[in-house]
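**Q** Provided below are the primary sequence and the corresponding predicted coordinates.
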Amino acid sequence: TIITHHPIIFHPVKSINTGFVEGRILCGLIKNDINYIAMHTNMDKCKGGLNDYLAELAGIKSAKVMEDETECYQISVYVPSTYAQVVKSAMFDAGAGLVGDYKGCVFETSGTGEFEPMKGAIPFTGQVGKTERAEEVKLEVYCDTYRLGKVICAMRSAHPYERPVYYAFKSRSYGEYGFGRYGELEKAMSLKEYCAFLKDALNLPFLEYIGDEKKMIKTVGVCSGAGGDMYETAVKMELDAFITGDIKHNVAVFASDNDTALINAGHYGTEVIFKNILSSHLQNRFNELKCSVNIIYSQVEKSPWSYV
């Protein structure tokens, strides 16, 4: 199994052509029965992921999420009270009800449902042509966007009604998951001193910065990869410095006229550390499972850029 941060397939693939690098890599994986896993945005946003590790290397203490707004859904479903536990458990097993470090989160409201089965219906309770009243529970659970389909399928499979009544409301959640991290350094230092510290911490041949080299740096934000679009957020937060890579010229010009220093540590420079954090997570998990697995770091990976 090969695990990378940047995915080999970055755009939809309609064919595999060995005349291109992407096609040759995919053919090599297929021919040699090699599993391939890419952990990109999920590793950027998750707790304990790439941005938390980058913040740690950048000297930030007790880092918090810079942009913690995430699209999610609130699922509401009406269930006979005798089946509430069954339906809840099915939804939880499919990934609903996860909020931060808590699982099985649900809000329940008891009430009475009323309906009349019409011709052709196969009611769970009641008779065709007669009004039925049933004791029901309204379940409301949180669900991540990417788990929505699985959770709804699990709910419908466990629900006793022929046609369950449910709603999925799109919403936004705020918490410990999201892009970027920010916090304070243990000790303030000048921008020039901080850039030298960061260059050594990330083992970079060089880095670029915009700002007064004598400016004292205490509060710092980071975003791995192409996080230039978050510089404006850093300015609004009045951070002393912001670290990222792949900075567009217009962002650099904007930074030259603002007090928040902008540090370009490179896309590769802020993401190559992925190997360290992932191997640590995997090794800890393998130890918990008492599995002996050999984790091998790539020795051929390097920045695509050359310098003169």
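**A** Good, I have the coordinates.

**Q** partner residues bridging residue 108?
**A** Legend: beta-bridge partners of residue 108 under DSSP bridges are residue 139.

**Q** what's near enough to touch it?
**A** Residue 108 sits next to 84, 137, 138, 139, 140 when contact means CB atoms under 8 Å, 6 or more residues apart in numbering. For every residue, glycine as well, the C-beta is placed using N, CA and C.

**Q** hmm, try it at 7 Å
**A** Residue 108 makes contacts with 84, 137, 138, 139, as judged by CB atoms under 7 Å, 6 or more residues apart in numbering.

**Q** just the strands from this protein, written as ranges.
**A** In the chain, the strands defined using DSSP state E lie at 2-4, 36-38, 60-80, 107-115, 132-144, 166-190, 208-210, 216-226, 241-245, 261-264.

**Q** mind listing what the longest one pairs with, with the direction of each?
**A** Right, strand 166-190. strand 60-80 (antiparallel), strand 216-226 (antiparallel).

**Q** deepest of the strands of the chain, which one?
**A** Highest mean neighbour count among these (mean count of other CB atoms under 10 Å): strand 241-245, with a mean of 27.

**Q** next, the angle from it to strand 60-80.
**A** 70 degrees (axes from the mean of the first three to the mean of the last three CA atoms, to 10 degrees).

**Q** before we move on, the earlier item: and the contacts of residue 108 as TSV, adding distance to residue 292 and pLDDT?
**A** Output for the contacts of residue 108, formatted as TSV (distance: CB to CB, whole Å; pLDDT from 0 to 100):
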residue	distance to residue 292	pLDDT
84	44	96
137	47	97
138	49	97
139	43	97
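
**Q** nearest to residue 199 among those?
**A** Lowest distance from residue 199 to the contacts of residue 108 (CB to CB) belongs to residue 139, with 52.9 Å.

**Q** hmm, the closest one is touching residue 90, no?
**A** No. Residue 139 is beyond contact range of residue 90, at 10.8 Å (criterion: CB atoms under 7 Å).

**Q** hang on, the earlier thing: how about the strands of the chain, which one is nearest residue 273?
**A** Nearest of these to residue 273, taken as CB to CB: strand 216-226 at 8.1 Å.
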